[in-house]
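J.: Any chance you could fold what I've pasted below:
(one chain, ligands or ions: 1)
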Amino acid sequence: MYIETGRLILRPWVDTDTEELFRHAQNPNVASPCGWPPHKDIDDSRNILNAILKSPENCAIELKTTGKPVGSIGLMTIATSHTAPLAENEGEIGYWLGEDYWGQGLMPEAVTAVLRYAFGELKLSRVWAGYFPGNNKSRRVQEKCGFAYMCTDNKKYIEQLNTEMQLNFTAIDSSKFRVSQL
Ligand SMILES: CC(C)(COP(=O)(O)OP(=O)(O)OC[C@H]1O[C@@H](n2cnc3c(N)ncnc32)[C@H](O)[C@@H]1OP(=O)(O)O)[C@@H](O)C(=O)NCCC(=O)NCCS
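T.: You can find the predicted model right below:
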């Protein structure tokens, strides 16, 4: 994926992002709501960058004004690692943003751009997203982007924390994505 928006460039993660990745991902306020442990050190970030973030379904969210990555967004399908109950031709969005950058509407901007790509280019029929109960910030992002509540999994196994947690799922269908946004 390579997508440009007003303030952002969504592009593949690269080795030189490691330091910024660690800066943001060591923060428990970012890590915990995503269901992974905070990065322990720069080597931890380097390993995760190589093992997970460099996969084609993940993008760094780069701020145009600084050229630095401030977060991550991924579009998973049934063929890749996912948590939502996906059917064929459906996708799932996951995302996080460094805490310094919260509250500027950056993630709704990134999510809307990925939805436009998912429905316009990939022709997916539905895109899902999830959030842990209490994560109102993420719930709001999903609401603002047109996702509607679908279901709750009371015992979702979260591999990276090796525990079961409650997880809410929302989704948006291609027909609900405003034509003007395509
Ligand atoms: C969820 C997240 C991506 C939101 O991104 P964002 O670009 O800040 O989104 P918005 O600017 O649209 O803000 C969304 C909501 O967060 C809340 N919020 C914003 N800034 C905040 C801050 N500094 N502190 C607390 N809440 C804040 C507001 O309620 C806002 O909703 P509103 O627009 O109705 O007021 C970001 O908070 C984040 O990365 N959190 C940690 C990781 C995470 O939760 N990932 C998603 C896992 S499902």
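
J.: Let me see the mean pLDDT of stretch 108-127.
T.: Mean pLDDT, stretch 108-127: 96.

J.: Revised request: answer the last question for stretch 169-178.
T.: Mean pLDDT, taken over the full extent of stretch 169-178, equals 93.

J.: What lies in contact with it?
T.: Applying CB atoms under 8 Å, 6 or more residues apart in numbering, the set of residues contacting stretch 169-178 from outside is 84-85, 90, 115-116, 119, 123-131, 139, 142-143, 145-153. Placement of C-beta: from N, CA and C, glycine included.

J.: So which of these belong to strands?
T.: The strands, defined by DSSP state E, take in 90, 126-131, 148-153 from these.

J.: Please list which of these are also close to the ligand.
T.: The subset of the ones in strands among the contacts of stretch 169-178 within reach of the ligand, by CB under 6 Å from any ligand atom, is 130-131.

J.: Just give me the closest of the ones in strands among the contacts of stretch 169-178 to Asn162.
T.: Sorting the ones in strands among the contacts of stretch 169-178 by distance to Asn162 puts Asp153 at the head of the list, at 16.5 Å, by CB to CB.

J.: And that closest one, how far from Ala129?
T.: Going from Asp153 to Ala129 by CB to CB, to the nearest Å gives 13 Å.

J.: And these two? Which one has more around it.
T.: Set Asp153 next to Ala129 and count neighbours by other CB atoms under 10 Å: Ala129 wins out with 24 against 16.
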